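S.K.: Structural data only, the sequence is not supplied:
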Ligand SMILES: [Zn+2]
Ligand SMILES: [Zn+2]
């Protein structure tokens, strides 16, 4: 209903460059030209975290990740156009743009994808109330349609973490430490224990499948590593992760 209304009220123009969208693209929010400007993240990269390879020595981005988190990939570099698109998804009240972003993520090559289940990185209850939706859940939902794989909201965020943007890598780790747990691990705890949560049952065998965490942006990997830790503690064997954007090389010096 909301989508139908949006389409009646808003002219069909590209959200990023304002060019008119062709009839064929009228369901989209981003035109072909802008989508082709998104710069794919390409190899050579660290086989595990997908960050461009370090010149020497081991990769510092993923060295301390939990063992279960075996592979992380991002679709595009987070420069101008892609950043604008993520901004629209998170702060512009435009969850529909998730379909455009998931389109860019759909071609990511993940081992085990035919058996995988998608797990959105959850928002804290406060942030969720503020925004009205979880942008990662919208991305995961759009991707699950593309990949024809189920989505299962296995995790809750037990507290609202401060925005990571201005934090150093070490501070980011501390900021998200212990922020996630399995959704029904504690009745009525975390995530302000909604009724829906207490009714939620983790599907049998979910943790034996490859689980693919879905988030909007990869910056240092701290959030994904922490979410993967919660899944690993719960018994997950293999965790992979995909994001739409990857921040231009984080400063680890
Ligand atoms: Zn455009
Ligand atoms: Zn790495």
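M.R.: That came through fine. Note that the structure is a prediction, hence the values are computed from the model and not measured. Ligands and ions are numbered 1, 2, ... in the order given.
S.K.: which residues sit in contact with the closest residue to residue 128 other than its chain neighbours?
M.R.: Take residue 128 and drop its neighbours on the chain: the residue closest to it by CB to CB, 6 or more residues apart in numbering is residue 134, 5.9 Å away. Any C-beta I mention is one placed from the backbone N, CA and C, and that applies to glycine too. Residues near residue 134 by CB atoms under 8 Å, 6 or more residues apart in numbering: 120, 122, 123, 128.
S.K.: Looking at these, which two lie furthest apart in space?
M.R.: 120 and 128 (11.6 Å; CB to CB).
S.K.: Can you pick out the residue with more neighbours from the two?
M.R.: residue 120 (26 against 17; other CB atoms under 10 Å).
S.K.: gap between that one and ligand 1?
M.R.: Residue 120 sits 27 Å away from ligand 1, taking CB to the ion, to the nearest Å as the criterion.
S.K.: Next: residue 70.
M.R.: 36 Å.
S.K.: ok, how many other residues are close to that residue?
M.R.: Quick note: residue 70 (other CB under 10 Å) scores 19 neighbours.
S.K.: by contact count, what packs against the strand or helix carrying it?
M.R.: In the assignment (DSSP states H and E), residue 70 maps to strand 69-77. Packing partners of strand 69-77 (3 or more CB pairs under 8 Å, 6 or more residues apart in numbering; DSSP states H and E): helix 98-105, helix 222-233, strand 239-246.
S.K.: how about the ones you listed in JSON lines, adding mean neighbour count?
M.R.: Converted to JSON lines, the helices and strands packed on strand 69-77 look like this (neighbours: other CB atoms under 10 Å):
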{"stretch": "helix 98-105", "mean neighbour count": "23"}
{"stretch": "helix 222-233", "mean neighbour count": "24"}
{"stretch": "strand 239-246", "mean neighbour count": "28"}
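S.K.: Any idea how many residues pack against the residue in the stretch 51-200 of the chain positioned nearest to ligand 1?
M.R.: Going by CB to the ion, ligand 1 is nearest to residue 81 of the stretch 51-200 of the chain, at 8.0 Å. Neighbourhood size, residue 81 [other CB under 10 Å]: 19.
S.K.: Could you report the pLDDT at the closest residue to it other than its chain neighbours?
M.R.: Spatial nearest neighbour of residue 81, excluding adjacent residues (CB to CB, 6+ apart): residue 37 at 4.9 Å. Per-residue confidence at residue 37 stands at 93 (pLDDT).
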